Structures are given as C-alpha cells and as structure tokens.
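In: no sequence for this one, just the structure:
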C-alpha cells in the first residue's frame, strides 16, 4: 500500500509498525488441541441432559428412577452409533461441509436446504440452552443470583455478542484449558464418587430424604403404554447429550494430516469421554438418592409428607453430586460447578463461531446473501452475530431461561440433520459401490454402509420419538422456524437464479459503443476538480466538458472567471437550478446527451475528496453519493469517482486495515490464523 | 428520463400518469393568505403569555393583579417597537435571510452564528412550549386527559414529526382557516365579554371566589425593590407574547409584489391583532376576578380560608374567560378552547417548517453540514426533523409539559436575536448614510435608524430583565444550548475552511497523467461484465485487462474457458485468493500497477447491476460497494461504476422520483410549490 505523500514520511515511519501487513495463513491442529476446540458443545450437554432424564422419570414419582441407568445405556448406544456414522462422514467428506454437504450432494438441493435451516435453528438453540443452563450453575455457586437466572443469561449472551463482534484471537489454549479442566472435574468427581460408593461411605444427596408426588394420572401402577410413553420422553430428553457431536465433521480441514484419520480418531475419543461422563453422572445421581422434578412443580417435593419451605432451590444434578461427593471439601464443589458453567459458555461460543461459517457456505450456494460468503465483510459478519444473539435472547426471555422448556425445542433440528446426513451417506456408499471393482475396497464400503444404516435406524427412531413426545411441548416452534428459514433460502436462491438468467450473456451484447462523451462535475475549481479534469483528459474522450450547477449568480460569475483564468482548455457548461437542486439537472443533462447519441456512452467524472473521521464524512460528499446512486439508473452512463485523498484520510485507511486484519470468531476451527501469530504446534 | 426498454412499453404507459414529472415553481402569497401563514406562531402566544403574567403577580397575592393591565400595556409598547423595527428590516433585507442575515452582514460572522444558535434553540422551544400549552387546552376540553398532559404532548409531537417526515402539501387554506377562526374566536369572545361588562352582566370566573396566599416573604406590604422585581418578572414572562413576530422577515420572498411593502403591511396588521388580543385577554381576566397561580402551588389557593378539594384543576386563562363569557352557551366555550389548541399545534408546526430552512441557510455559509443546503436531500431533511422532535420531546419529558417552567427557557433566545438584529439594522442605516446624498432619502434613512434605535433600547432592557429574572429559573439551559450550537457551528466552519485550504488549486496540479491502465473486474462473464468491457474499450486506454479473483479452482477453470470462447480480445489476469478475500487482492494489484508507473492512472471498471427492491440491494453489490470505498484511499486510481439496469430497477427509479417530487414542509413559506398544483391566488 503506497500512501506516502510528500511530507507524510515521518508520520508513516512512526505508524509503520502498527500497520505491518499480516497475511492469513494456515495453522493445523494436532488431535490434543482439536479435541477441546470441537468438544465443548458435545461435552457440555452432560451439564443438563441427565437432569432432563430425572425430571421426566419423576413424573411417575421417585420409583421410576430405577429406569434411569437403563435410559443412560440406551442414549449411550445411540451416541455410539452416531459417532461411528460420523467417522464414516469425515473420511468421505474431508472438505468440512458436514451434514449440509452430505445432504446436498447425495439427496439434492431440497434436503440440503432442510439441513441448512435445521442447523441455523440449532445454533440459536445451542446459545439459548447452554447459556440458560450456565446461569443455573452460576446461581448454584453464587446464591445471590438465585431467582435472577434469566437476567444472568441475557447479560451473558450480550457479553458473548460483544466479544465476538470485537473479534477474539482464539488460540488452542483458549479452548484446551477449560475443556480439559472440565473433563478432569467431572471424571474425577465420578471416580472419587465410585470409590466412596465401593467403600460404602458415599453420602446422600441433599434431596435424598425428599419424596416425589407423581403427577396426577401417573400414580402407580402405570399401564404398559403409560410406562413406555414415560420412558420414551425420558429417553428423548436424554438424547440432548448428542448435540454437538457433528461439530468435528465441519472441521476436518483444520486437522493435521492425515486429516480424516485424525478427525476420526478425535471423534472416537470424544464419543468415549461423552458416554463415560453421561452414564457415570446418571448412575451416581441414582446412587446418592437424588430427587429432581420440573422446577415449576417444586410443590411435588415433600419432606415427611410436609411441603418444603418457601424458597427451596433445587440444584442441578451435577451440583448435587458434587455437593455429596465433596461433602467435607467445599472447594471441590465450587471447582466442579465453576468449570461446568465455563464450559457451557464456551459451548454457546461455538455457535457464535459456527454461525458465520455456515452462513458463508450457504452464501456460496446462493442460499444466503452473497456478502456472507466473502471473508472480511465486517458488516455481513456482524449482522450474522447480532441476528444469532437477538434470536437467542428472545428465546431466553420468552422461556425465562428455563433449560427444561428450551430443551423441548432443541433436539428436533439436530436429529433432522442426523437423519438426512445418514441417509445421504448410505446413498453415497451405494453410488461408490456402483463403480468400485476392488473387492477389499468394496467390503470396506459395504461395512461403512452398514454402519450408516445402523446409525440411520437409530436416529430415525429417535426422531420419531422426539416428534411424538415433544411436538406439543415446543418442538412445533422449531419446525416453524425451520420452515421459515427453508422458505427464505429457497426464495433467495430463486432470486439469484432469476438475476443470473437475466444477466446471461448473449450475442447481442457485442456491439461496441462508438463514442465517449465525458463530463466532469465542477463544484469549485480546486485540486480534486483539477485532478478529475486531468484524469478525464487522459482518457481522451470524443467530447469533454465541465458541468456546473448554478444556484447563485454571483458564485457562478466568480467560477466562470476563475475557469477562464485557469485556461483549462475544457469548456464549462452551466446548468441553472433556481431551486438549489443539484442531482436532477445533472441526471437530466446526462440523459439528454445520451438521447442525442444512443450509440455513445456518457462518462460522468465526479471529483471526490476522501476524509478520515466519521463526522467528516457526514460533512462531505453527500451530494456525490446521491448523484452516483441516481446515475446508476440512467442507461448508457458510467460514473467515475476520482478521489482526492486529504491528509485525514490516512486515519480511515488505518482503521480499514485494522478491520481487515481483525480475527473473526471461528477462524481457528477453519484452520485460519494470522501468520504473525502463527505458532505451529510442536509434533 | 428515458428508461423505456424493449417490452416495458405497456408497463410504462400504465405507470405514466403516476410518474408525470412535476416542476417546482413559484406561487406568491397575497396578504390575506400570507397573514395566516406567518401569524400562527406570534398569535398563539396569547394562549399562554397572559397566564404567566398572572402567575407571576400571584406571588404577592391577588392584590398584585391591579398591575396586570399596566404590564399588558408595557408588553404592547415593546411589541409595537419591535414590529416597527422589523418593518424596517423587511424593506432593507427582502431576501428572507431575516435576523441571521442582518447580523452576519452588519456585525460579522460571530454575531451571525450567535443569532443562528439562538434561532436553533428557539425552534426547539417553540415546539415544546406550544405543544405543552396545547395539551393543557386539550385537557380543558376533554377532562379524561387531565393529569396526562405530558403524554398528550409527546404524542402530539410524534404525530407532527410523522406528518412532516411524510411531507404535507401545504396550501394557504391549511393555515388560513384555523388562524382566521382563532382570531374570530378570541376577538369575538373579548368583544362579547366587553359588551357584557358594559351591560353590567359579565359573570365571575370560576376562580373568582378563591383567595391567593402570597408566597412566603411576599406578603403585603412589599418593599419597592420587591415590587419592582415582581413586576419585572411578570413583564418578562408577558414578553413571551413577542415570540414569532420575526417570522415574516424570513418570508419576504414568498409575498406578492411589491414584496417588501406587502410584508410590512402584513406585519403591521399582525402586530395590531396580537396587541389587541393580548391586552383584551388580560383586562377581561382581571374583570372576571380570575385567580391563577403556579400549577405546582395550587395549595396557595383557598376558598373561605379552607383548602380546595383534591383534584381541583386550574384551567388556562382563556378557558376561564370563555367559561365565564359563554356561561350559558357551552358550544362557545368548546369552540374557543378547540381553535386555541389547534392554533398552538399549528404554531409548533411552523418550527418544523422553519428548521430545515434555517439549516439550509446555515449550510450555505458552511456552518452546518452542506447536505442540508441542497433541496431534495431527503436524508438530511429527515434528520433535521427528527433532531428537532427528539430535542423537543426531551424538554417536554424533562419539564413534564409544564408551560410555566418551559417559558423560563423560551424568550432568552428570541431576545438575543432581536437585539443583534436591531444593532445590525442601526449599523446598516449608518453605513447607508455614509454614501447617500439625496436629502429626502437621508431623512427616510435617519427615521428608520431612530425606529431601530428605539427598538434596540426596548429589547435590550427586556433582555437584561429576562436574564436577571430567569437565569436561575432555566434560562441558563438555553444559554448552555446556544453555546453548544455556537461551538459546533464554529468547528464545522473551521473544518470546511481547513479542507478548502488543503484543496486550493495551485500551479503544481497542471501535470497531466501520461498513461491510463484500465482493469475491468470480472466475477462472471455475464452482460454487466461485457458491458463494462465494451465501455472500457471505448475509452481506448493504453492498457486494458480483465481481473478475476480466484477463490475456487474449478470455477476459475470454467471462467477461463468461457473467456477464451468469447474471444473478447482482452487478456484476463487471475489473482489467487485462497482465503476468499476479494477486496484486498484487487487493491494490492491496482497499487502495484500504479507503483510501476507513478505518472499513470489506474482506471478500475466495476460492473454493477442495479436492482429495485431494498432486500434485493442487500443481496447484491456489497462487494462492489466495499471495493469502491476501499479504492478511494488508493492514490492514482479512479473507480468507474458501469451500471446494468435489471428490470426490477424501475421500481427504485419510480421510488426515487416520487421522493424527489415530494413536498417539503416549509415550501409554501419559501414561495415554492409544485407547478402541477399551482393555483394562482386570484388578485
């Protein structure tokens, strides 16, 4: 960038370092960093999924808790199947398009758009659910926050939004430290709890002595249908634990080589850790005699037949386990609760990272405004983040930050994309079999297809269960929102296709204009005007004249005098405008020239001076802007801005460059970081 | 405007009438229309000025009311002097610049800016005071609104704002009907009241039987100093009746010829009516035994020594007179109160009309953003209206729509501009005397100078009284606001002057660039690109190439193939951008070309397609916009937009034209109306 003018050298030297150009580069993640980068969303669900299982079972009273570990096993099996399926995906589609790409390539545009809208809705819900749950943990650690969970959640979303708008330079350790601490905290707590259990000195939960009154109509003995329905609801709520496992399939390009293999291994590791955590938490919760009901129905909890005192606050499952396990070591309790809260915020942040990435993928396919597709379009990028934040805040506000209610909306979208993705993978392998002749390779493909088929059978059953059990409890909202996004994406694509058709080149466009009539707009005879005149002259048009809009006779006379003195060699045309209109006379004059010579082009040169500060921009060039906007509608006219950089323009240039080099949330998981910050991870 | 494309003819015929081009024209006002157009502000003050006189006198109890008609006479004398002075101004400055022009021309820039800031503040206060008083009248007519005056006022301001943003086509009758009705109502009421008085059957006011407890420290007997101070306060509040008399001096160009003479006659008429109304109202109010105190101190009113019942609502002076005079004819009461409310709203509307006019005058002198100076800059115009409305609403909200409090802020600004204007006029006549030799003319000038000197002596005394009596009661806020506007205008002018200096042409700017290197940005090979190529070719640059930013290898290969097939005769340069950045590679390439040939110019041609709907604009050209913004900072580069109009662009063109032809508030008083609506008033 050579912006060094005479007299500016000293200033440029001073500013030199600040402006040092930084190039985007690639930093690939080793598995031990990739795991935490992609795991926070999937692992954090252990903070709320077990709670939902216990809430559902509690509908029939504490006796139904005998089913808790069986449900945990069922969820674990589904999760294992899904993980195995995605291991196939990362091998077959290493480009990072994830479910959207799989569905689009194998099932067609409509399936792709469906997955796209499911993912959009899911990002919103990830923020809403994670932050709502996080605010519950904050209330568990800081009693003063109890009863203000919704406010805490809204403030947290606002903070995340601000941080992401500002742009954070993510590094591996930004994710690694809290995620590994969280694994250490939960697995450590469970291990210690099981040791206490084996030693027979595992204390009871604070809620162990409570009784749960079943909901009306759900008293023992349950009918078989009733029991099945209850278990189905508990199971589908437990499946919230599966959210986020697809993240790695979108991030394959960020892995170290061999990318697919490393991604598959990391996915396996993630699955094992997630399953272990979830099953351990549920089993341990059952062992300490936890009693947990819908926070709206705390009156169903009784102590020796008496209602609980006013203001009883039901702590989350993990908080109650931590309280019991670390009964005589309160730092342990605070450590578990704190890192769980942090991991939930981190999980919400992954949505802020993933949302713009999804936007750019959709934009590339003409399903979202194209501006989202270009890196560095700050405006589009910011709009996306604000949109996500506002939607999430509306949900949090509408549902009063109650995780239990929000979770009813959550997993529909996830399982829609799971299903379409699995179906797409089966189609993918079937196609591959059509051409593959190598027997060993065919066997490998067939095995992959079986894995995806098993995955599909599980996820389709879960989707049906989820739809049946949750539709009226809130899933309809998700489906409505998905439908909205679906229609919007279809319309955007239709619009782009229509424009493309209208713009398609044909043979009639070859005729060359014969003549260029150039006019230079003159407001005063100053440097920008002289430069515009010089530039216009350099293009050697067939006709060249200055054009001045006269609104004041005295000023006009003065300008004409100056013009003659200057001896520019260019005639000056004066357009009279008694009502101080500037734009209209010029547009009409340009149109008249064009009408007189329909095969010619009118080139309008507008001198513009470039200032730096925002308020300076308010004070200048407003007319030029309006004129340019207006001339775009006049056929046969081209509009040339001839800029003249004032000294203060350097401020704006610096600001532009700072903006360009700003880190965008999600860069890390796309494998993009700044070269000047490029620390290669040692092997 | 020739935008008729093939196939569009039928549509154009259908839309033809709607788009009929309308030219701005001049319609001059005869005196009988000019009077109501300019009078509403000045006359409406009779709705609140007498109230303030009685409130101030009531500080010393009802016995001080003996001074009321003497104060009315004093105010009338000042008003007569001011009217006489402005009659000189309309002769000397028929251009409509008013006080601002008089002060700037005769006393210099600083005096002009002072008047300008006083007028800006005054417009805000005109809205706040008139609407607050209007909402009191609304409450008098509709008891349900009592206690909600502030809300009513805020709603009224919001409505006025909406109407003015929309643009109302003002006509003479828009002002004439309510203003003449108001004159008829007030003068008729007073005449009828005096007849009743002469007949000895004028009823008492509803408040006649009340007693007023003096404020502590103001009990009888008053010291002379105390009495003088009290009368000074009452007098300075009564001077609120003078606001708005200067309006005609800003509107001389809208009068029928002979403009100055007609304006002076109208001014005289206005003065006579205003003085008659004000004196009559005050005398009549005294005669019906009205008792009126600060609405915050209603507990100072007693009935037979007993406090008044809760919820006693004190009606305005005019309402009480109407109630007494029309005691057995309630339609008379409602008529007076209604037209008074309407005239107050109309008075507030004059501020909405005058504010943009003042803005454009200030802009012409470089004291406000230049965009305000051009007619038809919708954005600047709207911003001005919204600014005025927000400021007025803040005042109404802060002072709870209490006219009594707002009036303390009001007249400082008016009298600052009165004084500077009179001083300027004296200087004007003194200068005229220096060159004038004709004796008759010299006598005329000397007489004018005496009139303005008398005017100045009165207004300067009033300004001192106002400052002394009101400074602590709120006038300091006005002075602070004036100081703020003063500093802002000074800074804006300083900025414009600095820019002008930096831009001033000197001899070094004559060097012509030697070479034009043209690059045409290519995103696809469609009609807009082909048109841009054709236009660029027509300018016969020294070098011409297409430039394509490659973010995807497959797409690039496809484009290159198409390019070769097309055989455009132009080489295509491919810039690789693995991170999907578009703007940066182009800016760097253009800079590199320029560096290689510092005496040359780089011409960047950007194909743009023009769409019509706002959401279409979101979907297109965002990159072109960013690129153009960014290239402005690159020296030696000029940026040419080559538009390609899509079919939907006609929608936007129509919208633009509708906007252009929209009426702006205040057009009538500037003598500008649409020719197609041009009804010449019959002589």
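Out: Good, I have the coordinates. Keep in mind that this is a model prediction, so the values were computed, not measured.
In: Can you tell me the SS state at residue A:541?
Out: coil (DSSP: H, G, I helix; E, B strand; the rest coil).
In: That one: neighbour count?
Out: Neighbour count of residue A:541, defined by other CB atoms under 10 Å in any protein chain shown: 22. C-beta coordinates here come from the backbone N, C-alpha and C atoms, glycine included.
In: got it, and the one 3 residues further on?
Out: The number of residues packed around residue A:544, counting by other CB under 10 Å, is 21.
In: for residue A:430, same thing?
Out: Neighbour count for residue A:430, taken as other CB under 10 Å: 13.
In: any idea of the pLDDT on it?
Out: In this model, residue A:430 is scored at 93, pLDDT.
In: How about residue A:510?
Out: Looking at residue A:510, its pLDDT stands at 58.
In: now residue A:591
Out: Per-residue pLDDT puts residue A:591 at 90.
In: what's the single longest helix in chain A?
Out: helix A:330-364 (DSSP state H).
In: gap between the residue of the stretch 201-350 of chain A found nearest chain B and residue A:29?
Out: Nearest residue of the stretch 201-350 of chain A to chain B: residue A:253, at 11.7 Å (CB to the nearest CB). Taking CB to CB, to the nearest Å as the measure, residue A:253 and residue A:29 are separated by 10 Å.
In: now residue A:463
Out: Taking CB to CB, one finds residue A:463 at 32 Å from residue A:29.
In: Neighbour count: the two, which is higher?
Out: residue A:29 (25 against 19).
In: ok, and does stretch A:535-545 reach over to chain B?
Out: Yes. Stretch A:535-545 reaches chain B (CB under 8 Å from any CB of the partner chain) through A:535, A:537, A:538, A:539, A:540, A:541.
In: tell me which residues in that stretch are buried?
Out: Of all the residues in stretch A:535-545, those buried under the rule 16 or more other CB atoms under 10 Å in any protein chain shown are A:535, A:536, A:537, A:538, A:539, A:541, A:544, A:545.
In: gap between it and the chain center?
Out: Taking CA atoms, centre = their mean, to the nearest Å, one finds stretch A:535-545 lying 49 Å from the centre of the chain it belongs to.
In: what mean pLDDT would you report for it?
Out: 90.
In: distance between the ends of that stretch?
Out: One end of stretch A:535-545 sits 13 Å from the other (CA to CA, to the nearest Å).
In: same deal with stretch A:321-338?
Out: Using CA to CA, one end of stretch A:321-338 lies 14 Å from the other.
In: and the next element down the chain from the longest helix of chain A?
Out: Counting by DSSP states H and E, the next helix or strand C-terminal to helix A:330-364 is helix A:378-398.
In: ok, and what's touching that following helix?
Out: The contact list for helix A:378-398, computed with CB atoms under 8 Å, 6 or more residues apart in numbering or on different chains, reads A:123-125, A:127-128, A:131-132, A:150, A:153-154, A:157-158, A:160-161, A:164-165, A:351-352, A:355-356, A:359, A:369, A:371-372, A:374, A:406, A:409, A:659, A:662, A:664-665, B:622.
In: Roughly how far does the residue of the stretch 201-350 of chain A closest to chain B sit from residue A:110?
Out: Using CB to CB, residue A:253 is found at 26 Å from residue A:110.
In: circling back to that earlier point, closest one of the buried residues of stretch A:535-545 to residue B:430?
Out: Minimum distance to residue B:430 across the buried residues of stretch A:535-545 is 47.4 Å, recorded for residue A:545 (CB to CB).
In: before we move on, which element is that closest one in?
Out: Residue-wise, residue A:545 maps onto strand A:543-550 under DSSP H and E.
In: Who are the packing partners of that strand?
Out: The contact analysis (3 or more CB pairs under 8 Å, 6 or more residues apart in numbering or on different chains; DSSP states H and E) places strand A:543-550 against strand A:515-522, helix A:527-538, helix A:553-566, strand A:572-576, helix A:583-596.
In: isn't residue A:237 right up against residue A:53?
Out: Yes. Residue A:237 is within contact range of residue A:53, at 6.0 Å (criterion: CB atoms under 8 Å).
In: any weak-confidence spans in chain A?
Out: A:1-27, A:167-172, A:374-380, A:507-511, A:656, A:659-683 (pLDDT under 70).
In: Against chain B, how distant is the residue nearest to the spatial centre of it?
Out: Centroid check for chain A by CA atoms, centre = their mean gives residue A:355 as the closest residue, at 1.4 Å. Residue A:355 is 17 Å from chain B, where distance means CB to the nearest CB, to the nearest Å.
In: Let me see the contact set for that residue.
Out: Applying CB under 8 Å, 6+ apart to residue A:355 gives the contacts A:120, A:123, A:384, A:385, A:388.
In: And for the fourth one, the neighbour number?
Out: Taking other CB under 10 Å as the criterion, the count of residues near residue A:385 is 22.
In: cool, and the third one?
Out: Here the neighbour count serves as a burial measure; for residue A:384 (other CB under 10 Å) it reads 23.
In: Please apply the same query to the one 10 residues further on.
Out: Applying other CB under 10 Å, we find 12 other residues in the vicinity of residue A:394.
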